[in-house]
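Q: Can you look at this prediction? I've put the sequence above it.
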Amino acid sequence: MEIPTNLKHAPVFTVENYDDIDGRLTKEETDTKGLSLGIAQWSKRGNYDVSAKVWRYTGEKWSRQSEELPLHRVLDLAIMIAEAKKYLQEAYQHEKLYDTEQVEIAKVALQGNAMRLGICTNNEHIDEDIKLFNETMRKDDELIGERIQRLKEALKDVL
């Protein structure tokens, strides 16, 4: 399915078969049909930004739930996934899968400051939710691990 080019986000690079590889979802189950990198919809003439977009299709029309993210946020999410995966590898050491006394799990230096990744203890269901998150990460380990490996290879080529 071709990604629309008549909307405000202007695709430059596209993956138009994302529904073939959308994690655990089959082509029939997913509404995510494509990904693109392009000119951000919020750009103004003379002041352009690039963004990544997840294109969702309801079966009848392109969805308003399609998301557009600045590239740095996409990378920040990738960093968060890697840090969470790394943390969960050792989480078994804690009764609740996290240290209730030390809920900050990573401090990633960025832009002269730091992105602080922590356990969301103001989630009233955190004890159950972290177990569910961990179980899902373990169940999807091959799926996520393959993508992390591909990202690692791509990063080696650009750094």
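A: Sure thing, it's come through. Since the model is a prediction, treat every value here as computed from it, not as a measurement. Numbers count the residues shown, from 1 in each chain.
Q: Look up the closest residue to the residue nearest the centre of the chain, ignoring the ones flanking it.
A: Residue closest to the mean C-alpha point of the chain, counted by Cα atoms, centre = their mean, is L77 at 4.9 Å. In this structure, L77 finds its nearest non-sequential neighbour in L69, 7.8 Å apart by Cβ to Cβ, 6 or more residues apart in numbering. Bear in mind the C-beta positions are built from the backbone N, C-alpha and C, glycine included.
Q: try L143
A: Once flanking residues are discounted, L143 sits nearest to G23: 5.8 Å by Cβ to Cβ, 6+ apart.
Q: circling back: the residue nearest to L77 touches S51, doesn't it?
A: Yes. With contact defined as Cβ atoms under 8 Å, L69 reaches S51; the gap is 6.0 Å.
Q: higher neighbour count, these two?
A: Comparing L69 with S51 by other Cβ atoms under 10 Å, the one with more neighbours is S51, at 22 against 15.
Q: circling back to that earlier point, can you confirm the residue nearest to L77 is in a strand?
A: Yes. According to DSSP: H, G, I helix; E, B strand; the rest coil, L69 belongs to a strand.
Q: Give the full set of residues in contact with it.
A: Residues near L69 by Cβ atoms under 8 Å, 6 or more residues apart in numbering: 51-53, 77.
Q: Could you list which of these belong to strands?
A: 51-53 (DSSP state E).
Q: which secondary structure element contains E29?
A: Following DSSP states H and E, one finds E29 outside all helices and strands.
Q: cool, and F133?
A: helix 126-139.
Q: And the helix or strand harbouring I144, how far out from the chain middle?
A: When elements are assigned from DSSP H and E, I144 belongs to helix 141-158. On the basis of Cα atoms, centre = their mean, to the nearest Å, helix 141-158 sits 13 Å off its chain's mean C-alpha point.
Q: Break the chain into its domains for me.
A: Taking automatic domain parsing as the criterion, the chain consists of the domains 10-65, 72-158.
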